[in-house]
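**Student:** For reference, the sequence and a predicted model appear below.
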Amino acid sequence: MGCTGDSRGRPPFLCVEDPVDMFAPLLKKLFGSKNEREVKRMLKTVQIVNAFEEQMVALSDEQLRAKTEEFKARIAKGETLDQLLPEAFAVAREAGKRVMGMRHFDVQLIGGMTLHEGQIAEMRTGEGKTLVGTLAVYLNALSGKGVHVVTVNDYLARRDANWMRPLYEFLGLTVGIVTPFQPPEEKRAAYAADITYGTNNEYGFDYLRDNMAFSMDDKFQRELNFAVIDEVDSILIDEARTPLIISGQAEDSSKLYTEINRLIPKLEQHIEEVEGEVTKPGHFTVDEKTRQVELNEAGHQFIEEMLTEVGLLAEGESLYSAHNLGLLTHVYAGLRAHKLFNRNVEYIVSDGQVLLVDEHTGRTMPGRRLSEGLHQAIEAKEGLNIQAESQTLASTTFQNYFRLYNKLSGMTGTADTEAFEFHQIYNLAVMVIPPNKPLARKDFNDLVYLTAEEKYAAIVTDIKACIAENRPVLVGTATIETSEHMSSLLNKEGIEHKVLNAKFHEKEAEIIAQAGRPGALTIATNMAGRGTDILLGGNWEVEVANLEDPTPEQIAQIKADWQKRHQQVIEAGGLHVIASERHESRRIDNQLRGRAGRQGDTGSSRFYLSLEDSLMRIFASDRVKNFMKALGMQSGEAIEHRMVTNAIEKAQRKVEGRNFDIRKQLLEFDDVANEQRKVIYHMRNTLLAAENIGETIADFREEVLNNLISQHIPPQSLPEQWNVAGLESALNTDFAVQLPIQQWLDEDDNLHEDSLREKIMAQLLLAYNEKEDQASAEALRSFEKQILLRVLDDLWKDHLSTMDHLRHGIHLRGYAQKNPKQEYKRESFTLFQELLDSIKRDTIRVLSHVQVRREDPEEEEARLRQEAEELASRMQFEHAPAPGIEQPLLDEEGGEAPVAVASEPVRNDQKLGRNELCWCGSGKKFKHCHGQIN
C-alpha cells in the first residue's frame, strides 16, 4: 500500500496511486468480499440444517423415506423449495450417512445451496462435488418437474448415476440415464425419471431430435426445469463455441475431394519475416493465431490453372464465379486439412476412420464429424474411404440450449477465472466454496528452456528423482503426439509408465484409479481422466471390485495394504504433477495442478516450458526470446524470471480474450437463428399437440389466395391493369383449379376486386370439400397435419442451409463499410419472412394437388413413424468447426475483414439458370431471389 519511491529515486509524494486501489484492501477487510458475505449468509442456513440433524437421526428408515412424500404434499399446498431447504438438506444428509456412509460437511451444504440458487460452485479437487450435487438435486426433484445432471462423458454419467442411485432410491426417487444408441422406450423412461443423468451432447441432440418428431409420443424430453452441470467450465466455456448439428447425407463428392487432394501438395506456403521481407514466395499464407489459411493472388491463379488442366474448371472461368463457389470451398477444405489439421493432434486414424480429438479433454469424439467438407478433405488426405457430405437438418449451440432451462447451475474446480463470461453469457454467478481442509500443495515456479528437447530431458530427470523417492507422478501433455514422444523417451530410459490419451481411453478409469500408488508414473493428455480423483496409495475399492466374491478377510487385507501405501506416499511428498507446456487457458493449467493436493493432501506441481512451445512461439513476444538469448543461456539451462512468467500470462490472457470474443460472436449470430428456431419449434409443437388444424389450413388458404390475387390484381387498380390470364394460370398452379375468370368478368359487369375474390374463394372451398367427401373429415385432418409437418421440416432444412450460406459470406459486407452483424440480422429476418410465407403457400399447394384416399389414421401414423426412423438411421451428429477456427472473426465496425469462403447450400437439384424460377418455391426468378445471395 505504501509508496516508498521508485527506481529513479523520486520521493514518495511523486508516486500517485488510484484512490480505489488504496482503499480497496481496507474496504475488503472491513466488509469482506462479496464471496465472503455470501458464505456468511449461507452459514446461517447451515446452522438451521444442523439443528434438524438430531431429529433426523432419531427417525427410522421408513420414516426418513416418508419425508419425501411429506415434502411433495407441502409443495402442493404452496410451500416453496426455499422454505423446505433446511429440512430437505437434513434429510439428504442423513440418507447419505445411512446409505453411502458419507456425511455432508458444512461447506458441502453451502455448495448445495449455491447450486439450488442457480449459481456455479467452485470447489477444489477432492472436496466431494458429486456428493454436493445430491443436496440440490434431491430438493429440486421434489417438484416433480425433473432434474438433469449433466456430465462431460458417458462413463461419468453411468458412474455417478449408479453411485448415487441407492441414495435417491432410498428416498423414494427414480433415476434414469440417457446414452447414445439407447432404445426409444428406455430413453423415454430415463427422461420421465425424477433425476436424469447424461452428457451435454446427448441432451442437446435429444432436444433437436424432439423437434423433428412426427408425434408427441415420439418426443423424449419434458419441460427443461433444472440442470446441474458437472465440470461446468468444460461444457459452458470450452465447448460453447461448438455448434451441435443433426445432418443428413447429401450428394456424393468423393471423386472431387480425391482430385483436389492430389493438387493441394503442389501449392507452396508463402513465408515472410517479421520485417516484411519475403523469404519464401508461395501460394498461400497460414496464420497460426487465428488458425486461418488463405490463398494469395498467385495461389488463386495457380489453382485455377491446375483445376482447368484436370477439367474441374471451365477455360477462362474464375473460382469466384457464383456457380464455382462450391469448388472454391473444396479447395479451402483441402488446404485446411493439410495445413491446420495434424494427425495425432487434432485427430487420430482408427479402423479406417478419422476420429476427432477434443482439444480440452484429449478424448476422441466417435461419430462427430467436421462440417463444410473439412472431414471429407481429411479422409482424402489420409487415403481413407470418403464418406458422403451432409446437409444440416437441425442445429443449436450449448449456449442457447442450456439457456432454455428454468434454472441452471454447475460445479467445477476452476470457474473463478471465467466468472465474467459466466455472468455475461449465462447470467450465472460464481461462488468459491471454502475448502474443508486447507491446501497443502506446493506450486513451483515455471522452468523455461531454449529448446523442446532440453525441456523433455529436464522432465525425465525430475521423474527419475520422484520415482527414486517412491512419489507418484502425473505428467500432463497438450497433445497425443507429445504424450507418445514422452513415452518413447521414458521407454529408452527403462522407466515403467502408463499412457492415458485418446487412443487408450477405454482403460482411463483403471489407470487413474491406480495413478496414486507409490512410484506410479502416468502420462495424461490434457485433462483426460477428469472427474476421477487420484487417491494417494491407489484406490482400494477398485481392487475389491476386481475380485469375484471377495471375503471380509480379503477386503480387510486390501484396506490394510492400501493404508501402508497411502502413508508411504504422504511421507514421500504426495502426488507430483508435471506439465510439459502451458495451455492456452490458465483455467486448464489450474485443472492440471488441481490433480494434486486433494482434501489437504500433500503434493506439488511444476510447469516445464520451452521457446519452441506453441504458446511461446505464436503469442510470446520476440522481446522475451531475445532477452533469454542475451543472458547467454547454455544448452540444458533453465530460467526462472518474473518477466518470462508475465509474458506467458499475458499471452494466455490474450488467447482467452480471443476465445471469449469467438464464443460471444457465435452467440450473437446464433441468437438470431435461435429466435427463428423458437418460432418454428413452437409452431411445430403446437401442430403436434393439435387434434384438428382445419382452421389453420383455412387461414393459410385465405392468406395465400389474397397474396396471389394482389400480385395479379393490384389493390385499387383499374381493370385494364389486371393480369387475368396470369391469375388463371397461377390458380391452376397453386390450387389445382381451372377457373374461367375472364369469362366471369365478361358476363358480369358488377364483378369488382372484392366480389371476385369472394367468388374465387367459394370455388376453392368447393373443390377442397370434394376431397373431404372422397375420403373423410378425420382422414383429411390427419393428412393436413402430416403434410404441414413435412413442408415445415423440408423448408426449415433449406432455410438452415441458406442461413449458413449467408453467415459464411456476410463479413464481406465490411468492405462496403457496412456492419456485418446488422446486415446478417436484416437479411435473416427477410429470409425468415419468406420461409413463413413459403410454408403456407407450399402446404396449400400440396393439399390442393394431392388425391386423398381413405386410410386408417393409425396406419398413416405408423407409416410416417417408420419413415422417420429410416431418416434417423441416416442422420449424423456433428460438431461444426467453431467460428474463428475455420472462419474469421467478423469486423463489428464494418472495416476490413479477412477473406473467407462462402459455401453453397447443399441441394440435389440441377443448376438453375438465372431466369428460371427459384428452387425455394417463391415464384420469383432465381436472380431476384436466392440468386442474389450468390
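**Tutor:** Structure received.

**Student:** Could you give the number of residues near the nearest residue to Asn706 once chain neighbours are set aside?
**Tutor:** Using CB to CB, 6 or more residues apart in numbering and skipping residues adjacent in sequence, the residue nearest Asn706 is Arg757, 7.2 Å away. C-beta: built from backbone N, CA, C; applies to glycine. Neighbour count of Arg757, defined by other CB atoms under 10 Å: 16.

**Student:** Arg757 contacts Leu705, doesn't it?
**Tutor:** Yes - using CB atoms under 8 Å, Arg757 is in contact with Leu705, at 7.5 Å.

**Student:** which SS class is Lys145?
**Tutor:** Here Lys145 takes the coil state, with states given by DSSP: H, G, I helix; E, B strand; the rest coil.

**Student:** do the one 4 residues further on as well
**Tutor:** When the structure is reduced to helix, strand and coil (three-state DSSP), Val149 reads as strand.

**Student:** Can you tell me how far it is from Lys129?
**Tutor:** For Val149, the distance to Lys129 (CB to CB, to the nearest Å) stands at 11 Å.

**Student:** domains of the protein?
**Tutor:** Structurally, the chain divides into domains by automatic domain parsing as follows: 1-31, 32-241+400-432, 251-388, 440-640, 669-932.

**Student:** returning to that earlier point: overlap of the contact sets of Val149 and Lys129?
**Tutor:** Common contacts of Val149 and Lys129, defined by CB atoms under 8 Å, 6 or more residues apart in numbering, comprise Asp230.

**Student:** returning to what we had before: surely the residue nearest to Asn706 is in a helix?
**Tutor:** Yes - assigned with three-state DSSP, Arg757 falls within a helix.

**Student:** Would you mind listing the residues in contact with it?
**Tutor:** Arg757 is in contact with 705-706, 709, counting by CB under 8 Å, 6+ apart.

**Student:** How far does stretch 243-255 stretch from one end to the other?
**Tutor:** 28 Å (CA to CA, to the nearest Å).

**Student:** re the thing from before, for PyMOL, write a command that selects the buried ones of the contacts of Arg757.
**Tutor:** Buried residues within the contacts of Arg757, by 16 or more other CB atoms under 10 Å, are selected in PyMOL with:
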select buried, resi 705+709
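
**Student:** Out of the contacts of Arg757, which comes closest to Ser143?
**Tutor:** Nearest to Ser143, judged by CB to CB, of those is Asn706 at 47.2 Å.

**Student:** Gln822 versus the closest one, what's the distance?
**Tutor:** Remark: distance between Asn706 and Gln822 (CB to CB) = 32 Å.

**Student:** Of the contacts of Arg757, which is the nearest to Lys654?
**Tutor:** Of all those, Lys654 sits closest to Asn706, with 57.2 Å by CB to CB.

**Student:** Work out the gap between stretch 76-86 and the centre of the chain.
**Tutor:** With CA atoms, centre = their mean, to the nearest Å as the basis, stretch 76-86 stands 34 Å off its chain's centre.

**Student:** oh, I was asking about stretch 474-494
**Tutor:** Using CA atoms, centre = their mean, the mean C-alpha position of stretch 474-494 is found 30 Å from that of the whole chain.

**Student:** picking that back up, rebuild the domains of the chain as JSON lines, extending it with distance to Val655 and mean pLDDT.
**Tutor:** What follows is the domains of the chain, written out as JSON lines (distance: least, CB to CB, whole Å; pLDDT from 0 to 100):
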{"stretch": "domain 1-31", "distance to Val655": "27", "mean pLDDT": "42"}
{"stretch": "domain 32-241+400-432", "distance to Val655": "13", "mean pLDDT": "92"}
{"stretch": "domain 251-388", "distance to Val655": "9", "mean pLDDT": "82"}
{"stretch": "domain 440-640", "distance to Val655": "4", "mean pLDDT": "84"}
{"stretch": "domain 669-932", "distance to Val655": "11", "mean pLDDT": "75"}
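
**Student:** Please name whichever of the ones you listed is nearest to Ile662.
**Tutor:** Of all these, it is domain 669-932 that lies closest to Ile662, at 3.7 Å by CB to CB.

**Student:** Let me have the domains of the chain in a markdown table, adding distance to Ala647 as columns.
**Tutor:** Shown next, in a markdown table, are the domains of the chain (distance: least, CB to CB, whole Å):
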| stretch | distance to Ala647 |
| --- | --- |
| domain 1-31 | 20 |
| domain 32-241+400-432 | 18 |
| domain 251-388 | 16 |
| domain 440-640 | 5 |
| domain 669-932 | 23 |
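
**Student:** Can you get me a residue count around the nearest residue in space to Phe627 that is not next to it in sequence?
**Tutor:** Once flanking residues are discounted, Phe627 sits nearest to Met643: 6.6 Å by CB to CB, 6+ apart. Using other CB under 10 Å, Met643 has 12 other residues around it.

**Student:** State the three-state secondary structure for Met643.
**Tutor:** Secondary structure of Met643, reduced to three states by three-state DSSP: helix.

**Student:** And Thr285, by the same measure?
**Tutor:** Following three-state DSSP, Thr285 is assigned to strand.

**Student:** check contacts around it.
**Tutor:** Contact analysis of Thr285 by CB under 8 Å, 6+ apart lists 269-270, 293-294, 296.

**Student:** Give me the buried stretch members for the lengthiest strand in the chain, please.
**Tutor:** Longest strand in the chain, counting residues (DSSP state E): strand 602-610. Using 16+ other CB under 10 Å as the test for burial, strand 602-610 gives 602-610.

**Student:** elements contacting that strand?
**Tutor:** For strand 602-610, the elements it packs on are strand 440-443, strand 447-449, helix 452-468, strand 575-579, helix 586-593, judged by 3 or more CB pairs under 8 Å, 6 or more residues apart in numbering; DSSP states H and E.

**Student:** ok, it: who's next to it in the sheet?
**Tutor:** Taking DSSP bridges as the criterion, strand 602-610 pairs within the sheet with strand 440-443 (parallel), strand 447-449 (parallel), strand 575-579 (parallel).
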